[in-house]
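Engineer: Here is a sequence with its predicted model. Questions after.
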Amino acid sequence: MDSKKTILVVDDESSLRHALVEELEINGYNAIEAVNGEEGLKMAMEHHPDLILLDILMPVMDGMTMLARLHRDEWGMNAKIILLTNLQDNVRVEESMKNGVFDYLIKTDWALKDLIELIKTKI
């Protein structure tokens with residue numbers, strides 16, 4: 001049995017998603033990825049990752065919709081989630097924190113090493 005923690009990266013921005021996956025794997029995590037909330041929800045329910053890095057603005061299904069649907073499931077309501085967003089929308093962030101999101105990062109405000117350190121404190 002693999003003892004590595006699994007992290008699901010859900011983001012439609014391919015360059016960022018690939019950079020996150022690569023950095024996570026370098027740091028000893030199993031990383032799986034999805035390009036939108038619909039695919040992310042399917043992957044989350046199938047793999048039950050230890051943590052989900054979730055973008056808010058995506059095509060097909062946005063992150064807030066994915067979060068709401070995830071919370072309809074017994075496992076999903078306790079899933080650990082960090083939001084990644086370009087939005088500085090306090091209302092959406094406040095709403096997501098009420099829905100069990102552990103933290104959020106504004107994409108322009110952090111470096112990959114900062115994200116890895118945050119992940120280490122969450123799982």
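Structural biologist: That came through, no problem.
Engineer: and stretch 114-123, average pLDDT?
Structural biologist: The pLDDT scores in stretch 114-123 average 83.
Engineer: which residue ends up closest to the midpoint of the chain in space?
Structural biologist: Centroid-nearest residue in the chain: residue 53, 1.5 Å away (criterion: Cα atoms, centre = their mean).
Engineer: That one in helix, strand or coil?
Structural biologist: Secondary structure assignment for residue 53 (DSSP: H, G, I helix; E, B strand; the rest coil): strand.
Engineer: List the contacts of the nearest residue to it once chain neighbours are set aside.
Structural biologist: Of all residues not flanking residue 53 in the chain, residue 9 sits nearest, at 4.8 Å (Cβ to Cβ, 6 or more residues apart in numbering). Placement of C-beta: from N, CA and C, glycine included. Counting by Cβ atoms under 8 Å, 6 or more residues apart in numbering, residue 9 touches 17, 20-21, 24, 31-34, 53.
Engineer: How is residue 9 assigned, secondary-structure-wise?
Structural biologist: Judged by three-state DSSP, the three-state class of residue 9 is strand.
Engineer: Please save the CA atoms from the longest helix that the chain contains in PDB.
Structural biologist: Assignment by DSSP state H gives helix 14-26 as the longest helix of the chain. Output in PDB follows, covering the C-alpha atoms of helix 14-26 (Å, rounded to 0.1, in the frame of the first residue of the first chain):
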ATOM      1  CA  SER A  14      -2.900  23.900 -17.700                       C
ATOM      2  CA  SER A  15       0.500  25.600 -17.000                       C
ATOM      3  CA  LEU A  16      -0.300  26.200 -13.400                       C
ATOM      4  CA  ARG A  17      -1.900  22.700 -13.000                       C
ATOM      5  CA  HIS A  18       1.200  21.000 -14.400                       C
ATOM      6  CA  ALA A  19       3.500  23.100 -12.300                       C
ATOM      7  CA  LEU A  20       1.500  22.200  -9.200                       C
ATOM      8  CA  VAL A  21       1.500  18.500 -10.000                       C
ATOM      9  CA  GLU A  22       5.200  18.500 -10.700                       C
ATOM     10  CA  GLU A  23       6.000  20.300  -7.400                       C
ATOM     11  CA  LEU A  24       3.700  18.100  -5.400                       C
ATOM     12  CA  GLU A  25       5.400  14.900  -6.800                       C
ATOM     13  CA  ILE A  26       8.900  16.300  -6.200                       C
END
